[in-house]
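S.K.: mind looking at a prediction? Sequence and model below.
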Amino acid sequence: MLMSCRHMTELSSAELERPLRVAERLELNTHLMMCGPCREFRQQARRMRALMQRYAAGQAPGGDDTPPEAAPRA
Amino acid sequence: MTSAALSMPDPSGRPALPADASAPAGGPGVCPRELSAIRGDMLRFAQLQLGHHDVAEDLVQESIEAALRHAASFSGQSSLKTWVFAILKNRVIDHLRRSRRTVSLSSLAEEGQALDDALDDLFNEQGRWRPEARPAGWQNPESTLADRQFWAAFEICLDRLPPNTGRVFMMREFLGFESDEICSQLQLSTSNLHVILHRARLKLRACLGVAWQGAASC
């Protein structure tokens, strides 16, 4: 399991929900040092959260203009 | 989009809303016609989050009425859509807190199975990224935030999440529920919630890689 990227994405996601255990953190950090795609995944998962939070806090897409998708959908 | 628009009203992230029946109506900037143009988006969002058309319809209607009633407190600093969505968002949160069950556990399990199967497209038998599925870098966050294409893609990708999974993800990431509250509301175990969020993030990220960034090279 040590090198499984799938498992590492699990840890990167879990990290957003709870503190990782020491062994998990070590495992993740070791893997991330060697794996660019997993580093990207971790960063993008965090970025998605940050963007959603800013969006939710009142940062509408497209600023003060009406975004193109604002037309009513039946 | 200016940086001034980024300032958050309070630490909880919930925008200051007008107290009920206080502000005089008829302030500048709230145009009923503009509101009705936003209505479709509001309804879509509420329906995704509540899974129930009639309730969504009611909350959207109430939100629009509240917006009109409190038009005077709309400063015009944020866009009308942002402001009205904040009203709706808080009503959705209140509704979810009051109602027992908005997510079907059996559907969630089925969706989970299907999502797991789809993850085989991302990882090989050893759990390594398949070459075509490797996450590639995104543009810098500042331009991302202002990028309409990003939000348009985000919306498309959210829609592609299975509904119950999307609802749980949005409760956590958009509506800002704490994990514990989601678990007790939906009667999920913590590990179950983490599995759902992990699948949602994998799926959403993969979709964004395609829908927003194009077929990213790796």
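M.R.: Structure received. Residues are numbered from 1 along each chain as shown, chains lettered A, B, ... in the order given.
S.K.: next, residue B:123: phi, psi?
M.R.: phi -120, psi 150 (degrees, to the nearest 10).
S.K.: shouldn't it be in contact with residue B:132?
M.R.: No - under the criterion of CB atoms under 8 Å, residue B:123 makes no contact with residue B:132, lying 11.6 Å away. All C-beta spots, glycine's among them, are computed from the backbone N, C-alpha and C.
S.K.: same drill for the two, tell me which one is more crowded.
M.R.: residue B:123 (18 against 11; other CB atoms under 10 Å in any protein chain shown).
S.K.: contacting residues around that one?
M.R.: A:4, A:5, A:6, B:129, B:130, B:133 (CB atoms under 8 Å, 6 or more residues apart in numbering or on different chains).
S.K.: pick the one among those closest to residue B:200.
M.R.: Proximity of the contacts of residue B:123 to residue B:200 (CB to CB) peaks at residue A:6, which lies at 14.9 Å.
S.K.: count of neighbours near the closest one?
M.R.: Neighbour tally, residue A:6, other CB under 10 Å: 19.
S.K.: so residue B:96 sits against residue B:175, correct?
M.R.: Yes - using CB under 8 Å, residue B:96 is in contact with residue B:175, at 7.2 Å.
S.K.: quick one: which of those two has more around it?
M.R.: For residue B:96 versus residue B:175, neighbours defined as other CB under 10 Å are more numerous around residue B:96 (21 against 18).
S.K.: for that one, give its distance to chain A.
M.R.: 14 Å (CB to the nearest CB, to the nearest Å).
S.K.: on the three-state scheme, the residue lying closest to residue A:40 once chain neighbours are set aside is what?
M.R.: Leaving out its chain neighbours, the residue that sits closest to residue A:40 by CB to CB, 6 or more residues apart in numbering or on different chains is residue B:135, at 3.8 Å. Recorded secondary structure, residue B:135: coil (DSSP: H, G, I helix; E, B strand; the rest coil).
S.K.: over to the one 3 residues further on?
M.R.: Each residue gets one of three states, and residue B:138 gets coil by three-state DSSP.
S.K.: quick one: contacts for it?
M.R.: A:40, A:44, A:47, B:144, B:213.
S.K.: part of a helix, is the last one?
M.R.: No - the assignment for residue B:213 (three-state DSSP) gives coil, which keeps it out of a helix.
S.K.: that one: what's it in contact with?
M.R.: Taking CB under 8 Å, 6+ apart as the test, what residue B:213 contacts is B:136, B:138.
S.K.: from residue B:73, how far off is it?
M.R.: 39 Å (CB to CB, to the nearest Å).
S.K.: quick one: the residue nearest to residue B:163 when sequence neighbours are not counted from chain A, how far?
M.R.: Nearest residue to residue B:163 in three dimensions, chain neighbours excluded: residue B:51, at 6.5 Å (CB to CB, 6+ apart). Distance, residue B:51 to chain A, using CB to the nearest CB: 17 Å.
S.K.: how about residue B:165?
M.R.: From residue B:165 to chain A the distance is 13 Å (CB to the nearest CB).
S.K.: does that residue touch residue B:112 like I think?
M.R.: Yes - between residue B:165 and residue B:112 there is a contact under CB under 8 Å: 7.4 Å.
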